[in-house]
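Chemist: One predicted model, sequence on top.
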Amino acid sequence: AQSVTQPDIHITVSEGASLELRCNYSYGATPYLFWYVQSPGQGLQLLLKYFSGDTLVQGIKGFEAEFKRSQSSFNLRKPSVHWSDAAEYFCAVASYNNNDMRFGAGTRLTVKP
Amino acid sequence: DAGVIQSPRHEVTEMGQEVTLRCKPISGHNSLFWYRQTMMRGLELLIYFNNNVPIDDSGMPEDRFSAKMPNASFSTLKIQPSEPRDSAVYFCASGGREVAYEQYFGPGTRLTVT
């Protein structure tokens, strides 16, 4: 079964600094990969997804992620963080054959002024 | 599009009472998922439906939990009897027409069992 590891529980960055959130997955075939963001008291919102093709995918709010098969990673990046980006970020993996999606434990992002 | 609608948004009940959470998926979506989120266990998939049929309920914690999807526009998650350890935020999500590669989440129901 697929699984996801987000090694960083909590990250703090200064506003305007660059950001990278790590995600490693375990799955035997080509995975479908996602990043979601959850603001306090809200549901999860899809930031971006990777199914196939170009390994660098662009998402909403200026985020991007790069799929690296050799490293089993799908790290999320943003060149310049805004205070409104403070939230919890979840990486998720799904398989082609079923609708089952597995989420990582999440990384909480704090943005310093 | 109104998105996924969940009700109630907050529920406080006493141990032993029956709790019913409701979800209206996005029109046209054919997959529906129920999740539970707690600090200790994170986001857990409880059950999901495809074309109104339960596909995998292995995440349902106990027989006290049951879920139904009588039609394409409505689903319920019921807990009977409820216990304090059921306190959590319960999310419903719906997925696209083909395989549910993209899931759209509702705002959640915060359940507190005292």
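Modeler: Structure's in. What do you need?
Chemist: Can you get me a residue count around residue 24?
Modeler: Using chain A. Burial of residue A:24 is recorded as 18 neighbouring residues (other Cβ atoms under 10 Å in any protein chain shown). (C-beta placed from N, C-alpha, C; glycine too.)
Chemist: meant chain B actually
Modeler: 18.
Chemist: so what's it up against?
Modeler: By Cβ atoms under 8 Å, 6 or more residues apart in numbering or on different chains, the contact list for residue B:24 reads B:4-6, B:73-75.
Chemist: Quick check, pLDDT for residue 106.
Modeler: Answering for chain A, as no chain was given. Among the per-residue scores, residue A:106 holds a pLDDT of 95.
Chemist: my bad, chain B
Modeler: What the model reports as pLDDT for residue B:106 is 94.
Chemist: show me what contacts it?
Modeler: By Cβ under 8 Å, 6+ apart, the neighbours of residue B:106 are A:43, B:3-6, B:23, B:91-93.
Chemist: In strands only, show me the residues you listed.
Modeler: Under the assignment DSSP state E, those contribute B:5-6, B:23, B:91-93 to strands.
Chemist: Which of those has the largest number of neighbours?
Modeler: When neighbours are taken as other Cβ under 10 Å, the top entry among those is residue B:92 (30 neighbours).
Chemist: Can you find the residue of chain B that comes nearest to chain A?
Modeler: Residue nearest to chain A within chain B (Cβ to the nearest Cβ): residue B:105, separated by 3.6 Å.
Chemist: quick one: that residue from residue B:12, how far?
Modeler: Distance, residue B:105 to residue B:12, using Cβ to Cβ, to the nearest Å: 22 Å.
Chemist: Neighbour count for these two, which is higher?
Modeler: For residue B:105 versus residue B:12, the count of surrounding residues by other Cβ under 10 Å is larger for residue B:105: 22 against 12.
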